[in-house]
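[1] Any chance you can model this:
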Amino acid sequence: MSGKTCENDKVYSVFSASAADITVPKGGCIIREGEHPQYLYFIRQGEVQLSKPSAEEKVFTFEKKRPGQLLAASHLFNPIPSLFQADSIEDSRLLRLPITDIENLTAHDYEFAVALFKQLNAENGVLLSQCRDYIFCGSRQEVYAVLIRLAEKLGCYQCNHQTCKL
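    Numbering: from 1, shown residues only. Take a look at the predicted model:
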């Protein structure tokens, strides 16, 4: 498997031992915007595109996920519906594990929990960097449109006695 790194060896070993191995053809939809994903995916082969239509109905690609990366990780401990769509942009093989199994594994396997959270942290940093790059590369309007739509869906939250608007 290409893309596998030292940080996710433990994640990969747990997925390979416990998850269903599925094939998604090019163009296949894995997660639809607005649905509540029930699975976490580990990409073994292929590429998956995370996207969302902009206010002008152009497709705004957030990220391309590659082998060794996770898909639907933002839904692990967060019951909100998916904020973007995930489509296979080439024939792909994924390991699919129910989110309820992931929750149980993290509660009972310390090494897996640490490895998973390290991987989630690294992958989230990449997504934030890509959003920043879109702003600096002239796609500012598309980023703002997506952020406004997220704010409309999620509203505000309180953090350290301050109201934060998404």
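[2] And the strands in the protein?
    20-24, 29-31, 39-45, 48-53, 59-65, 70-71, 85-88, 92-98, 156-159, 162-165 (DSSP state E).
[3] Let me have these in TSV, extended by mean neighbour count.
    C-beta here means a position set from N, CA and C on the backbone, and glycine is covered the same way. Converted to TSV, those look like this (neighbours: other C-beta atoms under 10 Å):
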stretch	mean neighbour count
strand 20-24	15
strand 29-31	19
strand 39-45	23
strand 48-53	20
strand 59-65	18
strand 70-71	22
strand 85-88	21
strand 92-98	20
strand 156-159	9
strand 162-165	8
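[4] Out of those strands, which is closest to Val114?
    Closest to Val114 of these, according to C-beta to C-beta: strand 70-71, at 14.8 Å.
[5] That closest one pairs with which strands, parallel or anti?
    Counting by DSSP bridges, the strands paired with strand 70-71 are strand 39-45 (antiparallel).
[6] contact partners of the partner strand?
    1, 3, 11-12, 15, 19, 21, 30, 48, 65-73, 75-76, 91-99, 102 (C-beta atoms under 8 Å, 6 or more residues apart in numbering).
[7] For the nearest residue to Pro25 once chain neighbours are set aside, give me phi and psi.
    Leaving aside its chain neighbours, Pro25 sits nearest to Asp91 (5.6 Å; criterion: C-beta to C-beta, 6 or more residues apart in numbering). The phi/psi pair for Asp91 (degrees, to the nearest 10) reads phi -50, psi 130.
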